[in-house]
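Participant: Mind looking at a prediction? Sequence and model below.
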Amino acid sequence: MRALFLVNFVLCVLLPFSATAQTTKSHGIAIHGEPGYPADFTHFKYVNPDAPKGGEIRIASEGTFDSFNPYIIKGVPGPGFTPESLLVASADEAASEYGLIAESLEWPEDRSWVIFTMRPEARWHDGVPITVDDVIFSWETIRNDAGPYVKNFFAILEKAEKVGDNQVKFTSGEPGNKEFPIRAGSLPIIAKHYWKDRDFSKTTLEPPLGSGPYKITDFEAGRYVVQERVKDYWGKDLPVNKGQDNFDKIKTTYYPDSDIIKLAIKSGEIDYRNERSSSAWAQDYDVPAITKGWLKKESIPHKRPQGIQGFFLNTRRDIFKNPKVREAIGYFYDFEWSNKNLSYGLLTRTTNYFGNSELSSTGLPTGRELEILEKYRGKVPDNLFTETFHVPTSDGSGWPRHNYRKAFELLAEAGWVVKDLKLVNEKTGEQMSIEMLISSKGMERTILPFVTTLNRFGIDTSIRLVDRSQYTNRIRDFDFDITIIKLSTSISPGTEQRGFWTSKLADKKGSGNFSGIKDPVVDELVEAIANVDNREELVATVRALDRVLLWGFYVIPQFHTEDDRVLYWDKYSRPKITPWRGTSTSYWWFDSDKEAALMESMAKNELRQANDAIETDETPVAESPKNDEPFFDPLIVDTFLNNFEKLGLNPETLKEFFTFQIFVDPDAFFKKDNWRPYALGISLLIIGRWLIRRRRRNRGQI
């Protein structure tokens, strides 16, 4: 009996205490290791905590918008609806997050659950407190009504429950997943009392209720959105917000294409632009505003991973099911020629899916990466173990014969041959046909040499330029052959990789698996990434995934830049420290002293130009003798006008008519900006043509 009592005591008392002792409660969390900022930190290192609030910044966006909900697959979302989350990331750490709506969090060693303690001062813009019920409602709404990619991103959240007045507990669907608490902390929190009577799955142009530093105060669908800083924002003094969100107003104006945006920044219609076109950066901004120092043009280095930008080949299409065809198409893309002739050599070729980071695979697989890949030998190309992967390169001359020769060898192996200068399927005789889907004229310029080359070698290739709304819908429906997509990546990839590469989402419309990849090896590697225990294992596994994707030839890599190329009018300042993720206008502020200096400089320039114009006007110019007498007898004019007066017409009014000014005021008639000579000329031309036609008609009758 005593033994039974002892067992019960251990199970009921000691074990719970033991479990509690193994939990961690903190102000922040990192996926691997400890967060870099201590509990008493006052602000992030890369911001200016004393940055003044005020001013306006006007930015541009290309295309259009017809909704304010970015979490569904319908519509083209505009800016303004950015719900806050329980945690927020720092920009100078790989994967650490700190309390925003939550003041602290607690989790066990295996990270199978996490409890967030919410800040009592957190408020919606209408003054209603943010509650645990809002958090649970947000989880249920995202799980039921969000788009496929968003659903997948938060699919690891298996359960949400209220465990206290200001505490919410999330349970993981994958115990042991290191990323789980951060994924739960990044859930967008929406207001239950606002959305409970609205359909979250539908587009909306009613600005939704938020809780952040800005709210939408004005907009016109497809044209502009104005956001104003919330002066009584509940979280303005939090360490994670200090020195950020400094502008009183942010106006986003939409333009149909990038050429107009370039004109807008040069004319001062907008204040800030991040220029992504290297050719534009090199040649389109040689304007007085820059030479005078009014419009700043700066390259700001960063160290963030580049992910991949490239031509995504849709393997759902029959022509791209064969990897040899996908590989062959890549040999027709001459990056070196395009970079030299179109981009002034300013671009860096992308060669990996996780470029510009330690996550990129290089050389041949070795060490732990090789151990991971060995179990897939026979399921992946043998070349993966024996050859270093290289994207096709050229000398930039425009005629890489060795690349073209290799392309046709691969195409022949895949059953495609040249007949009558056309590349056709040797079994069906059907010509290979490809449509490249794009949404911007800038892209058209970039890909035109590639398209020309494909056509030259018998592949019927066309460019389909569509508006932003149609492009968005076609991408969501995977209705394309080839399109250009940029996928950013984190320095610590995790469960979000499922949305890009896994078989489960290959045919799920609206997902991020644009190429339609269905490879069990890729699926397993993605799952391994989501469940690694340490940084070293993560790096090795991501490199293995990178290598398998490269040898699958799903994407033809394009290029990237290693800096942020920005243009802005000289009335803003930014912190001295730039985080490795790069600069952001969230850290910038309006500088009234700079604006005053800018206005003064521009005013002096205008005055100088005016003085120059006056000096030019005062320069003696030889003038032709002026005859004060009118060149037409005024008596004749008066007689002519009197006859109209007899008909009840006002002669003074007629004097103003263009045909009579030549008689009464010839000097005014022949002034530079007078429209009347042109009208008179057109009238005489019409009368002359009428007379000629009448004369010809009379001759014909004779």
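Facilitator: Okay, I see it.
Participant: contacting residues around Trp294?
Facilitator: 569-570, 598, 601-602 (C-beta atoms under 8 Å, 6 or more residues apart in numbering). Glycine gets a C-beta too; all of them are placed from N, C-alpha and C.
Participant: Which pLDDT value goes with Val539?
Facilitator: For Val539, the pLDDT comes out at 93.
Participant: go on, Ile265?
Facilitator: Looking at Ile265, its pLDDT is 96.
Participant: picking that back up, now the two most distant members of the contacts of Trp294.
Facilitator: Trp569 and Ser601 (11.5 Å; C-beta to C-beta).
Participant: now the strands for the stretch 101-250 of the chain?
Facilitator: Taking DSSP state E, counting those that start in this stretch as the criterion, the stretch 101-250 of the chain carries its strands at 102-107, 113-118, 157-164, 167-172, 214-220, 224-229, 249-255.
Participant: So in that sheet, which strands flank the last one, and in what orientation?
Facilitator: Each strand that strand 249-255 pairs with, and the sense of that pairing, follows from DSSP bridges: strand 56-62 (parallel), strand 224-229 (antiparallel).
Participant: next SSE after it?
Facilitator: Sequence-wise, the next helix or strand downstream of strand 249-255 (DSSP states H and E) is helix 258-267.
Participant: Counting neighbours, which bits of that next one end up buried?
Facilitator: Within helix 258-267, the residues scored as buried using 16 or more other C-beta atoms under 10 Å are 258, 261-262, 264-266.
Participant: With stretch 226-243 instead?
Facilitator: Quick answer for stretch 226-243 (16+ other C-beta under 10 Å): 226-230, 233-235, 238-243.
Participant: next one: stretch 96-114
Facilitator: Buried, per 16+ other C-beta under 10 Å, within stretch 96-114: 96-107, 111-114.
Participant: What of stretch 287-307?
Facilitator: Applying a neighbour-count criterion of 16+ other C-beta under 10 Å, the buried positions in stretch 287-307 are 289, 294-295, 297, 302, 304-307.
Participant: Could you do stretch 156-167 as well?
Facilitator: For stretch 156-167, burial by neighbour count (16+ other C-beta under 10 Å) applies to 156-157, 160, 166-167.
Participant: what's the most distant pair in those?
Facilitator: That would be Ile156 and Asn166, which, of these, are the farthest apart (C-beta to C-beta) at 23.7 Å.
Participant: Out of the strands paired with strand 249-255, which is closest to Val132?
Facilitator: Minimum separation from Val132 across those (C-beta to C-beta) falls at strand 224-229, 27.8 Å.
Participant: could you give the angle of that closest one to strand 214-220?
Facilitator: Orientation check (axes from the mean of the first three to the mean of the last three C-alpha atoms, to 10 degrees): strand 224-229 against strand 214-220 gives 150 degrees.
Participant: ok, back up a step: may I see the strands of the stretch 101-250 of the chain organised as a markdown table, with mean pLDDT and distance to Glu562 added?
Facilitator: As requested, the strands of the stretch 101-250 of the chain are exported to a markdown table (pLDDT from 0 to 100; distance: least, C-beta to C-beta, whole Å):
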| stretch | mean pLDDT | distance to Glu562 |
| --- | --- | --- |
| strand 102-107 | 97 | 35 |
| strand 113-118 | 97 | 36 |
| strand 157-164 | 95 | 36 |
| strand 167-172 | 97 | 37 |
| strand 214-220 | 97 | 31 |
| strand 224-229 | 97 | 31 |
| strand 249-255 | 97 | 27 |
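Participant: okay if I get those as a markdown table plus distance to Gly512?
Facilitator: Below are the strands of the stretch 101-250 of the chain laid out as a markdown table (distance: least, C-beta to C-beta, whole Å):
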| stretch | distance to Gly512 |
| --- | --- |
| strand 102-107 | 28 |
| strand 113-118 | 25 |
| strand 157-164 | 19 |
| strand 167-172 | 22 |
| strand 214-220 | 27 |
| strand 224-229 | 25 |
| strand 249-255 | 24 |
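Participant: what's the closest of those to Lys53?
Facilitator: Nearest of these (C-beta to C-beta): strand 224-229, 7.0 Å.
Participant: Now do the strands in the stretch 451-600 of the chain.
Facilitator: 460-465, 482-487, 555-557, 559-560, 563-569, 572-573, 589-590.
Participant: Report the distance from the first one to the chain centre.
Facilitator: Going back to what we said before, that points to strand 460-465. With C-alpha atoms, centre = their mean, to the nearest Å as the basis, strand 460-465 stands 23 Å off its chain's centre.
Participant: Okay, buried residues for that strand please.
Facilitator: Those would be Thr461, for strand 460-465 by 16+ other C-beta under 10 Å.
Participant: Which is the succeeding secondary structure element to the lowest-mean-pLDDT helix or strand in the chain?
Facilitator: Ranking every helix and strand in the chain by mean pLDDT, DSSP states H and E puts helix 15-21 at the bottom, with a mean of 39. Moving toward the C-terminus from helix 15-21, the next helix or strand (DSSP H and E) is strand 24-26.
Participant: Give me the mean pLDDT for that following strand.
Facilitator: Here the average pLDDT along strand 24-26 is 95.
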